[in-house]
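Undergrad: Sequence below, structure please.
(2 chains, ligands or ions: 1)
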Amino acid sequence: MKRHDYAILSLIALVALFFGYQLASSFGKTQKNVTYRAIENWSDFNNNANTQSPDDEDIYLIARQWEWSPVLELKAGQSYLLHVASEDIQHAFHLEKGATGQSIDVLLQPKTEYIIPLKIEQEGQYAIGCTQYCGIEHNKMRSRIIVRK
Amino acid sequence: MTLKQECKAWTILSVGALAIAGVFALLLVLSRTPYVQDLLPWPWTSFFHKGLVVHVIFSFVVWFLATMGAVFTHRLVKHQAEQTFTKLGPVSIGLAVLGCVCLMIPALFDLGTAELNNYVPVMNHPIYYAGLIFLFLSLALVSLRQLRLLDASACCAFIYLIACICFLLAWYALPAELAEPSFNEQLFWGGGHILQFVNTALLVLVWSAVVKKRLIEGPYEWAVFGILLVFAGSGPFVYMFSDILSQANRDFYTALLRYGLPLPSVIASVFLIRFLLFEQNEHKDRLMATALWLSLLTYNLGGLYGLFLDGTDTRVPAHYHAVIGGINLGFMIFYHRIVLPFIGIHPVNGRWLTLQYWFYGLGQIMHASGMFLAGLQGVPRKTAGTAQGLDNIDKILSMGLMGIGGLIAVVGGVLFVVMTLNWIVKGGRIHETA
Ligand SMILES: [Cu+2]
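TA: Numbering: from 1, shown residues only, chains lettered A, B, ... in the order given. As a prediction, the model looks like this:
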């Protein structure tokens, strides 16, 4: 080995350590501003989802095999609390990066309500989808959030 | 059985797996063709997903694992030429073949339901699970044998065993009453991610084997395989520190690929580029250089696409199609330049062999890039000033690129299977006694 080999190998070791540190420190830290609680009365949640308006602070979204309901219509620049819950089995709620500058990805246990602070500045349509395999039509489980002025 | 014969058996199994995958792909198309679908002996409506499961398991899992068998046995012979007899050979080959038969039965006899979960798609039927156990066990035995070499291939074998441990831990941890889709997804989630470390290790091993001289100098080779091993080694521990159904468990494995794979891939790629650019021509021929360039390019393009993933759009399949395509190109040239001559078969160099690599490589690049561009566009944004039509034309172009690229890649893949199987069949037996 020549001297520059030692330098390069040390550099490789440093980068590997840095990646290892990043990996370890990311453990369990994803989506830290999301809270959750068990749903005791599903029909209440269902009701909330069916009667909401873009002016409410609390908005509701239901995941089930293999759809999102309802299609959310929000106002640009308004702060919301998004309540997402799965009616049947495990799903995961994903909102594309373009909406808030950071992609949101929350694993949904059945009959548990996840509360996600949400504020989208730019009007447009933003893709949401399921990122946890949930059955044969899992890939079709996509929808969008419509944001208006 | 001698090690050379075992190596030939793995070769037949891996290329044969691609042939089976191809036949099922054809059946899939037929099952969606009006009138023809009525001639199939199965109810075609339920066959579609089952056929897809068989196609994926053979073209991805069986092809990769059997190639691992070929890589390992070839390496064993190189290291210990004096002892070529293998007692384990017939056992592991037998188990793998039995496994493959079991993997096909549920689709052919319309048993159970199909599950297209990540990494290892499943048929919810005991025969299919038995098939998976036979297959994974077969390669676990081969990997255990490989460990005593204490070299890069032993490292790869160890990572494979770590993946198997993850499967077992997941199986143990999963509540039995969990819904089938969630059960299958979580069963293969952790180990499936570790298998991607195996695939990367295999790619570096075949690159090194193909160039016939030391591709990566000693300490750098240890860096590549050591990093792969250390990151993969963290896999089983996550089951102790987090619930298998938790977001922490799920997200850790995604992060594991993001932080664990780039550095070893980059180091190996740099050495391969150095070889391709500066090495004397006595160490390489034109076809080998073409195949290695295409493998390098496709694999790294896939890695690059991997940096831009976001959720559910077609950037995800774009990433893994290109990565897998790059690995497959490495495997192909490994068979043509190393394994076939090793088992006494000499591929005919010619236009079709060269074309096969160009078709498969460029086809995969186009296919993946089309998907990536389509994914980037996402849901059409309604912003003032942008005409809707233009947005659609971009989309049509990228979907077209994806479709045409896919077709060209399929032609390349079919050429590989047909030519290689033809050579093996014509090649005759290996007359070697231990
Ligand atoms: Cu889902």
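Undergrad: contacts and neighbour counts: CA atoms only from here.
TA: Noted.
Undergrad: Around chain B, which positions in chain A sit nearby?
TA: A:9, A:12-13, A:15-16, A:19-20, A:22-23, A:26-30, A:89-90, A:94-97, A:103, A:105-107, A:124-131, A:133-136, A:139 (CA under 8 Å from any CA of the partner chain).
Undergrad: Which of those residues are buried? Put it as a PyMOL command.
TA: The following PyMOL line selects those of those that are buried, judged by 16 or more other CA atoms under 10 Å in any protein chain shown:
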select buried, chain A and resi 12+16+19+20+23+27+28+89+90+94+95+96+97+105+106+107+124+125+126+127+128+129+130+131+133+134+135+136+139
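Undergrad: what does the one helix or strand in chain A whose mean pLDDT sits lowest rub up against?
TA: Within chain A, no helix or strand scores below helix A:97-100, which has a mean of 87 by mean pLDDT, DSSP states H and E. With CA atoms under 8 Å, 6 or more residues apart in numbering or on different chains as the test, helix A:97-100 has contacts from A:S103, A:I104, A:L118, A:K119, A:I120, A:E121, A:Q122, A:Y126, B:D310.
Undergrad: tell me which residues in that helix are buried?
TA: A:K97, A:A99.
Undergrad: what's downstream of that helix, the next helix or strand?
TA: Next along the chain after helix A:97-100, taking DSSP states H and E as the criterion, comes strand A:104-108.
Undergrad: which secondary structure elements does the worst-scoring helix or strand of chain B on mean pLDDT contact?
TA: Using mean pLDDT, DSSP H and E, the weakest-scoring helix or strand in chain B turns out to be helix B:36-39, at a mean of 76. Applying 3 or more CA pairs under 8 Å, 6 or more residues apart in numbering or on different chains; DSSP states H and E, we find helix B:36-39 packed against helix B:3-31.
Undergrad: Pull the distance from the helix it packs on to the chain's centre.
TA: 13 Å (CA atoms, centre = their mean, to the nearest Å).
Undergrad: can you check stretch A:130-139 too?
TA: Taking mean C-alpha positions (CA atoms, centre = their mean), stretch A:130-139 and its chain are 15 Å apart.
Undergrad: hmm, who's touching stretch B:209-229?
TA: So stretch B:209-229 is contacted by A:9, A:12-13, A:16, B:152, B:155-156, B:158-159, B:197, B:201, B:207-208, B:260-261, B:263-265, B:267-268, B:271-272, B:275, B:283-284, B:288, B:333-334, B:337-338 (CA under 8 Å, 6+ apart).
Undergrad: buried ones in it?
TA: B:209-211, B:215-216, B:220-229.
Undergrad: Which two among those residues are spaced furthest apart?
TA: Spatial extent of these (CA to CA) is set by the pair B:V211 and B:L229 at 23.5 Å.
Undergrad: Emit the ChimeraX select command for whichever of the contacts of stretch B:209-229 are buried.
TA: Per 16+ other CA under 10 Å, the buried members of the contacts of stretch B:209-229 correspond to this ChimeraX selection:
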select /A:12,16 /B:152,155,156,158,159,197,201,207,208,260,261,263,264,265,267,268,271,272,275,284,288,333,334,337,338
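Undergrad: Inside helices: which ones of the contacts of stretch B:209-229?
TA: A:9, A:12-13, A:16, B:152, B:155-156, B:158-159, B:197, B:201, B:207-208, B:260, B:263-265, B:267-268, B:271-272, B:275, B:288, B:333-334 (DSSP state H).
Undergrad: Quick one: neighbours of the nearest residue to A:W42 once chain neighbours are set aside, just the number.
TA: Closest residue to A:W42 apart from its sequence neighbours, by CA to CA, 6 or more residues apart in numbering or on different chains: A:K111 at 7.4 Å. The tally of other residues near A:K111 (other CA atoms under 10 Å in any protein chain shown) stands at 20.
Undergrad: The residue in chain A that the ion sits nearest to - how many residues pack around it?
TA: Going by CA to the ion, the ion is nearest to A:H91 of chain A, at 4.1 Å. Per other CA under 10 Å, the neighbour tally for A:H91 reads 28.
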